[in-house]
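Trainee: Got a sequence here, can you model it:
(one chain, ligands or ions: 1)
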Amino acid sequence: MKPLGICDNCGEFEGSCKCGKGRILLDGKKRELVSKFLSGLLRHFPHSFGIDVDEEGWAKLDEVAEVVKDRHGVGMREIELIVRFDPKGRFEIKDGKIRAKYGHSINIRVDWSESTKIPPVLYHGTHPANVQSILKRGLLPMKRREVHLSETIQDAIEVGRRHHPNPAVLAIDTKRMIEAGFKIRKKGKVYTTDYVPPKYIKRIL
Ligand SMILES: [Zn+2]
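Mentor: Just a heads-up that it's a prediction; the model follows:
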């Protein structure tokens, strides 16, 4: 993809600006990466990142920007550029909200209530390089978010693939965790908890 930038004289631009003094905010590679993530986040896995999407697909722009900042180190300005110049017109920003215009695999408000029906084993996909420290320190939430657990190994692999092509998969003994008084919540397709101590974690992949 072409780079995106801003210029005091020419305004927002794609490629290079007319006067040549513009500043690139996203090179082509980064633009592609963030676009892809944004599209996946709004269409398929908002709940995995704690983003609430309404019936029409709208999410709060500042919340989305925070997630994008966490993962890709770019902010609101870059997101606005991506949306404005998206060649397929995939996104829309309005009144402090953002949505994907089409292509959703999610389209309903997900039940965020706590559920008592938690499977006895849940899974967590991660970068293989993280495994050693997880087995030592437990599973800690990234920043102030919760730890996310998947219902199936396949789901965990898919989550892990966002970090590594061949992710490691950990099995979490949720039955024993619950018996020990830990709280696990069901949020749509994912399960969350605040912390998983090492003794409940086993690497299976
Ligand atoms: Zn310029």
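Trainee: starting at the chain centroid, how far to the helix or strand of the chain with the lowest mean pLDDT?
Mentor: Ranking every helix and strand in the chain by mean pLDDT, DSSP states H and E puts strand 185-187 at the bottom, with a mean of 82. With C-alpha atoms, centre = their mean, to the nearest Å as the basis, strand 185-187 stands 16 Å off its chain's centre.
Trainee: Whichever helix or strand comes after that strand pairs with which strands, and in what direction?
Mentor: For strand 185-187, the following helix or strand on the C-terminal side (DSSP states H and E) is strand 190-193. The strands beside strand 190-193 in its sheet (DSSP bridges) come out as strand 147-149 (antiparallel), strand 185-187 (antiparallel).
Trainee: For strand 190-193, list the C-alpha coordinates in CSV.
Mentor: Only the C-alpha atoms of strand 190-193 are listed here, as CSV (Å, rounded to 0.1, in the frame of the first residue of the first chain):
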residue,chain,number,x,y,z
VAL,A,190,-14.3,-15.8,24.9
TYR,A,191,-13.7,-16.3,28.6
THR,A,192,-11.9,-13.9,30.8
THR,A,193,-10.3,-13.9,34.2
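Trainee: Residues contacting whichever helix or strand comes after that strand, please?
Mentor: Proceeding N to C from strand 190-193, the next assigned helix or strand is strand 201-203, under DSSP H and E. Contacting residues not belonging to strand 201-203 are listed as 124, 131, 134, 135, 138, 139, 168, 169, 170, 171, 172, 173 [C-beta atoms under 8 Å, 6 or more residues apart in numbering]. Where C-beta positions appear, they are placed from N, C-alpha and C, glycine not excepted.
Trainee: Residue 183: neighbouring residues, count only.
Mentor: Residue 183 is flanked by 11 other residues according to other C-beta atoms under 10 Å.
Trainee: Closest to the centroid, which residue in the chain?
Mentor: residue 49 (4.5 Å; C-alpha atoms, centre = their mean).
Trainee: residue contacts, that one?
Mentor: 41, 67, 145.
Trainee: Now render these as a markdown table, adding pLDDT.
Mentor: Shown next, in a markdown table, are the contacts of residue 49 (pLDDT from 0 to 100):
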| residue | pLDDT |
| --- | --- |
| 41 | 93 |
| 67 | 95 |
| 145 | 73 |
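Trainee: Nothing else from me, thank you.
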